[in-house]
Every structure is written in C-alpha cells, then in structure tokens.
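Asks: need a structure here:
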Amino acid sequence: MSTSSRSLSTIERRASDRSRRRPSELSVYVGRMREFTREDWIVYVAWVGLMFGLVAATGSFVGLGHVGGVALPASAYLVPAGALVFTIAIAVDTIGHRTIYKQEIQAAEGLVHGITILCGIGSCVLLTAAYHAPGALWIPAMVLTALSFLYSLIDEVFHWRRYVSKNSDRVEMWSHVGIFVGHLTMMIAWWAWFFDGYRGVAETLVLLRGHG
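Replies: A predicted model of the protein is given here:
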C-alpha cells in the first residue's frame, strides 16, 4: 500500500471514530433536561404526567373490557394506542419547550399552545361525557376537537418557520410528527367509537362497578 493510501485510510478511520463518539441529535436534545430548573420539572412532570394519566385511564378501561370478554370494536383499542404515541412525542417535544425554545414561545406561540391544550382537554372531557348525554354534548365536543387540530396546525407553522431559519432541530420536528400521528389516531378512533354507539362501554362499566 502506498503512503498516500495509508494516510487516506488513517484519515477515514479517524473520521469514523469521531463520528461514533459524537452524540446523536436525540441524546443531545433529551440531555437538555439537565438544564431544567425546579419550575421546569414541575411543569414537565405535571403536563407529561397528565398525558400518561390519559393513557392509563383509557388503556385500563379498554383492558378491563378485553379481559372481561367484552366485544369491543377495533377503534376502542386505538384510543389508548394513539394516546401513548401522543404522550411519548409530547414528552420529547416539551424538553425543548422548557429549555432551548423557552424564550421564543413565551408570546404568540405560547398562547397558541394554551388554546390547543384547552381545546384538546375539553374535547376529551366532553366526548367522554357524551356517553350519557350524546344529544347535548357531541356538537361542542366536535367543535373543540376541530379547534384543537386547527390550532395544532397554527402551532406547526411557528415550528417550521423556526426550523427553516435554523433555530430549531430535527428532533423537535420529528416529535411533532409523533404528536400528529398520536393525536389524530386517538381522536378519530374515539369519534369512531362514539358514532358506533360506544359499543362495549356499558358492559365494561358493569365490570368496573364489580371491581369497585
């Protein structure tokens, strides 16, 4: 092997070694949790914990019905599945919101976040309550569901503008893909279950009362 070939091989090997030692974008992004203040931890745990509570509540209900032999529709299983994807994506996305992008989302973007969250939570509450009062609650539940998606799209415009101007990174953008996939799956499945007459809910409630 010539001297030039050996030198080139050495350079390539060193470049490969440096590449392996370089932390991934995901580890850098998640590693920003070390920058959390006490307030950041409180907000993060409360928000992500609330979302995991939704996963636990819907998953436990569907799981109880499944174990009890209730004939639940496929849409019922997609509600907690979508909620889980949604929550994991939120857990990643919120790290950036509490650190590197904290100042940027204090104004208009922060307001959009608040409206999206309010509409999203409201839609879930009303859609659940619509089991007992479908005629009175399904329309406001649908309105809040549509608004939560609308404001999610408005929020996405802020994120893409930041990404294009190189003030955001790919991890945040991919986390938003997970947010949309999870949220859309959860809510479309939930509405499909509602329009299916909440099939299997009555039987599962009987099982739930029996365990109470």
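Asks: Looks like residue 147 contacts residue 126 (just checking).
Replies: No: if you go by C-beta atoms under 8 Å, residue 147 and residue 126 don't touch, sitting 11.9 Å apart. Bear in mind the C-beta positions are built from the backbone N, C-alpha and C, glycine included.
Asks: Looking at the two, which one has more neighbours?
Replies: Each of residue 147 and residue 126 has its neighbours counted (other C-beta atoms under 10 Å); residue 126 has more, 20 against 17.
Asks: what's around the nearest residue to that one once chain neighbours are set aside, how many residues?
Replies: Spatial nearest neighbour of residue 126, excluding adjacent residues (C-beta to C-beta, 6 or more residues apart in numbering): residue 141 at 3.7 Å. Close neighbours of residue 141, defined as other C-beta under 10 Å, add up to 23.
Asks: How about the contacts made by residue 141?
Replies: 123, 126-127, 130 (C-beta atoms under 8 Å, 6 or more residues apart in numbering).
Asks: what do you get for residue 76?
Replies: 62, 65, 189, 193, 199-200 are the contacts of residue 76 under C-beta under 8 Å, 6+ apart.
Asks: Who wins on neighbours among those?
Replies: Neighbour counts for the contacts of residue 76 (other C-beta under 10 Å) peak at residue 193, which has 24 neighbours.
Asks: gap between residue 103 and residue 109?
Replies: 11 Å (C-beta to C-beta, to the nearest Å).
Asks: More neighbours: which of those two?
Replies: residue 109 (19 against 7).
Asks: pLDDT score for the more buried one?
Replies: Per-residue pLDDT puts residue 109 at 85.
Asks: Repeat that for the one 10 residues further on.
Replies: Predicted confidence (pLDDT) at residue 119: the value is 97.
Asks: Distance-wise, check it relative to residue 162.
Replies: To residue 162, residue 119 is 23 Å away according to C-beta to C-beta.
Asks: what number of residues lie near the closest residue to residue 35 other than its chain neighbours?
Replies: The shortest distance from residue 35 to any non-neighbouring residue, by C-beta to C-beta, 6+ apart, is to residue 99 (4.9 Å). Counted by other C-beta under 10 Å, the residues lying close to residue 99 total 17.
Asks: Report the secondary structure state of residue 99.
Replies: coil (DSSP: H, G, I helix; E, B strand; the rest coil).
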